[in-house]
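*Asks:* Let me see the structure of the following:
(one chain, ligands or ions: 2)
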Amino acid sequence: MHLLKTFARAYPLQSAIMLVALLVAGLVEGLSLTALLPLLNRVLVKPGSLVNDAATIAADPRSDVGNALLSGIEAMGLTPSVELLLLVIVVGSIMKGGLVLLAKKKVGYIVAQVSTDLRLSMLRAMLASRWEYFLHQQVGQLTNSMSIEAVRAANAYLYGATLISQLIQALVYVTIATMLMWQAALFSFLMGIIIYVALNRLVTMARKAGKRQTTLTKLMIARLTDTLLSVKPLKAMGREGLVDTVLASETKNINRALRREVVSTEFLAAGQEILFALVLVIGIYITLVKWELPVATVMVLGFLLSRILRRTGQVQRSYQKMAVSESAYWSIQKTIKKAERAREDLGGDYTPTLEQGIELRDVSFSYDAKKILDTINLNIPAGSFTAIIGPSGSGKTTCLDLIIGLLQPDSGTLLVDGVALMELDMRSWRRMIGYVPQETVLLHDSVLNNVALGDPGISEADVISALREAGAWGFVEKLSGGIHEIVGERGGKLSGGQRQRIMIARALVHRPRLLILDEATSALDPQSEMAICETLRKLVGAHTILAISHQPALLNAAERAYRLQDGHAQLVKGVTE
Ligand code: ADP
Ligand code: MG
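*Replies:* Residues are numbered from 1 along each chain as shown. Ligands and ions are numbered 1, 2, ... in the order given. Purely as a prediction, here's the structure:
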């Protein structure tokens, strides 16, 4: 029920419209139902009629709500003829149908909105989270939340809304029954509650099965994505069978949870059927044999009793379905809340220009307890070409992440033109950076989109010229689709060196003030590397270049170089500023 409250709070207007439409629809239905009673009266009170018992109830002014309707019609100056009563029933049904349609349309809209909102909030929260937090997220878990959980969460809303509409209808029947004969209404209501409590264990069981599905699916998709991303070495070494074993056992666990869900839902439906029949038989026995009420009375009461029971039964089944899907909603909410708590600080409002340079002053940084950088000092003058060299694991990439502002130092300061990085407007700072990462993973898209990244400010001509500068135009031109050629999953249709050149073009295309290359030429042959060094040398001056490299070519091209080792930085080329 907490879920319904949450939804109502999140979509107040839509929920209010839905609720009002359902309430009015319930009233209209009640009205047309009561019109049936005087109609019965008319038909059954005919002289010589065999079954005039029903008329006893219908004509009894104390219990006959139908008579109130008749007086209402007469008060409006109309004759309550059979035709008019039939008309009331027809108009009532049409109105009810229209209102229910309106309510259902609202429900449908909110369902679509729920999944869309959940997806967008999660995506935004994730992208706005701190880098260290983001790094620890499993891609598969996010994919799972975006696809499976969002749909299940929206379904939870759908079942919740259905539950409310069924509850309202049940209340309408209870009200009519109360007006007809309150003892019968009370009896059906109590029976409904007893059956509800008796079968509630099946709801709990379904809820547990739903929770297990949520947890297991999350695990399975996370593992699946993880493995698929590194399937090549597994296949190459004939180890893909291991993946099969793990995934098959997880899939079987999910299957078990699904079966428990099926068992609980089917048992609930069957249990309700049996108990309803039992209650009905008891009711008929008491009224007909013990109390010796007339047959027609028993018929009318039986009709109302079965209606009330059926509706309360539907309410419980919808509740059960909601309980199954509910955990998906809370799971996404948890992911969103956690990501929101890990929101990154986007700095101050100082807009950087990078006129003088970047300085790392006594900067220290550790991952958990492991010290990576120990009071290092780096100077990267604007317009210079600076290289950082050092053994693998010495903290070169970490250094770049600090400069980009993805990580914060434990102590010391990073300065851009003498202003602390924390005071810069982080978004404008990053928009000045062209970044070529160590991993060459491209988007499964065209060369054009891989370079322009969907930026409308970048034309095809800009992309081609960036590709030329990065030494990629030669091979892109020869692709059958040219710059529109799809590069395959993670760029798999291109060689490592070709992917690297496309990444370099991507970094160059928006004319960055600061170009950062993290071992960006490691997969290139000496000739391609020379070409890129040539490009970089032309860019120096207008751009500031910071490159990590092991290759002598880049080191030669650079005018300054630092060596990182054992947490310390040492200037090995160029002069101290
Ligand atoms: P380099 O780029 O010089 O090869 P990195 O800067 O990537 O080195 O990493 C420096 C050290 O920090 C390595 O020993 C690595 O294991 C560790 N490291 C890198 N990233 C993380 C992380 N997210 N969490 C914990 N340790 C990390
Ligand atoms: Mg690195």
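*Asks:* Every contact and neighbour count from this point should use C-alpha atoms.
*Replies:* Will do.
*Asks:* Residue 137 in helix, strand or coil?
*Replies:* Assigned by DSSP: H, G, I helix; E, B strand; the rest coil, the conformation of residue 137 is coil.
*Asks:* the strands in this protein, which residues?
*Replies:* Assigned by DSSP state E, the strands in the chain fall at 357-367, 370-381, 385-389, 411-416, 419-420, 433-436, 514-518, 544-548, 560-565, 568-573.
*Asks:* pLDDT of the fourth one, averaged?
*Replies:* Here strand 411-416 scores 94 as its mean pLDDT.
*Asks:* what's the answer for the first one, then?
*Replies:* Mean per-residue pLDDT for strand 357-367: 95.
*Asks:* Please identify the residues of the stretch 301-450 of the chain in proximity to ligand 1?
*Replies:* Contacts of the stretch 301-450 of the chain with ligand 1, taken as C-alpha under 6 Å from any ligand atom, map to 367, 372, 392, 393, 394, 395, 396, 397, 398.
*Asks:* Repeat the analysis, applying 8 Å as the threshold.
*Replies:* Residues of the stretch 301-450 of the chain found near ligand 1 (C-alpha under 8 Å from any ligand atom) are 366-368, 370, 372, 390-399.
*Asks:* Would you mind giving the strands of the chain as TSV with mean neighbour count added?
*Replies:* Below are the strands of the chain laid out as TSV (neighbours: other C-alpha atoms under 10 Å):
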stretch	mean neighbour count
strand 357-367	19
strand 370-381	19
strand 385-389	26
strand 411-416	20
strand 419-420	16
strand 433-436	23
strand 514-518	24
strand 544-548	26
strand 560-565	22
strand 568-573	17
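*Asks:* among the ones you listed, where is the model least confident on average?
*Replies:* Ranked by mean pLDDT, those end with strand 568-573 at the bottom, a mean of 89.
*Asks:* Please enumerate residues in contact with that strand?
*Replies:* Applying C-alpha atoms under 8 Å, 6 or more residues apart in numbering, the contact partners of strand 568-573 are 373, 374, 375, 376, 377, 378, 559, 560, 561, 562, 563, 564.
*Asks:* What is the most widely separated pair among the residues you listed?
*Replies:* The two members of the contacts of strand 568-573 with the most space between them (C-alpha to C-alpha) are 374 and 559, at 24.6 Å.
*Asks:* distance of whichever residue of the stretch 201-350 of the chain sits closest to ligand 1 from residue 222?
*Replies:* Nearest residue of the stretch 201-350 of the chain to ligand 1, counting by C-alpha to the nearest ligand atom: residue 342, 15.2 Å away. Counting by C-alpha to C-alpha, to the nearest Å, the separation of residue 342 from residue 222 is 21 Å.
*Asks:* Then residue 464?
*Replies:* In terms of C-alpha to C-alpha, residue 464 sits 38 Å off from residue 222.
*Asks:* try residue 1
*Replies:* 30 Å.
*Asks:* Of these two, which one has the most company?
*Replies:* Taking other C-alpha atoms under 10 Å, residue 1 and residue 222 do not tie; residue 222 has more neighbours (19 against 10).
*Asks:* from memory that one sits against residue 137, does it?
*Replies:* No: applying C-alpha atoms under 8 Å as the test, residue 222 and residue 137 come out as separate, 9.8 Å apart.
*Asks:* can I see the domain layout of the chain?
*Replies:* 2-341, 357-573 (automatic domain parsing).
*Asks:* got TSV for those domains, with distance to residue 349 too?
*Replies:* Putting the domains of the chain into TSV (distance: least, C-alpha to C-alpha, whole Å) gives the following:
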stretch	distance to residue 349
domain 2-341	17
domain 357-573	5
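*Asks:* returning to what we had before: what subset of the residues of the stretch 301-450 of the chain next to ligand 1 is buried?
*Replies:* The neighbour-count test (16 or more other C-alpha atoms under 10 Å) marks 366, 372, 390, 394, 395, 396, 397, 398, 399 as buried among those.
*Asks:* Could you identify the most distant pair in those?
*Replies:* The widest separation within these (C-alpha to C-alpha) is 17.5 Å, between 366 and 390.
*Asks:* that older thread, check the residues of the stretch 301-450 of the chain next to ligand 1 and tell me the two furthest apart.
*Replies:* Pairwise distances across these peak at 21.9 Å for 368 and 390 (criterion: C-alpha to C-alpha).
*Asks:* right, and residue 170 touches residue 316 too?
*Replies:* No: Residue 170 is beyond contact range of residue 316, at 11.6 Å (criterion: C-alpha under 8 Å).
*Asks:* Show the pLDDT at residue 60.
*Replies:* Residue 60 is assigned a pLDDT of 47 by the prediction.
*Asks:* Going forward, the N-terminal residue is numbered 22.
*Replies:* All set: I'll call the first residue 22, so the last point we hit is now residue 81.
*Asks:* my guess is residue 275 contacts residue 235, does it?
*Replies:* No: with contacts counted by C-alpha under 8 Å, residue 275 stays clear of residue 235, the gap being 9.0 Å.
*Asks:* The two: which has the busier surroundings?
*Replies:* Neighbour count, other C-alpha under 10 Å: between residue 275 and residue 235, residue 235 has more, with 26 against 21.
*Asks:* From residue 219, how far out is that one?
*Replies:* Residue 235 sits 27 Å away from residue 219, taking C-alpha to C-alpha as the criterion.
*Asks:* Then residue 320?
*Replies:* Residue 320 is 27 Å from residue 219, by C-alpha to C-alpha.
*Asks:* likewise residue 562?
*Replies:* 80 Å.
*Asks:* So, low pLDDT: which residues of the protein?
*Replies:* Scanning the chain for pLDDT under 70 picks out 56-88, 598.
*Asks:* and it, which residues reach ligand 1?
*Replies:* Within the chain, the positions adjacent to ligand 1 are 153, 156-157, 387-389, 391, 393, 411-420, 539, 585 by C-alpha under 8 Å from any ligand atom.
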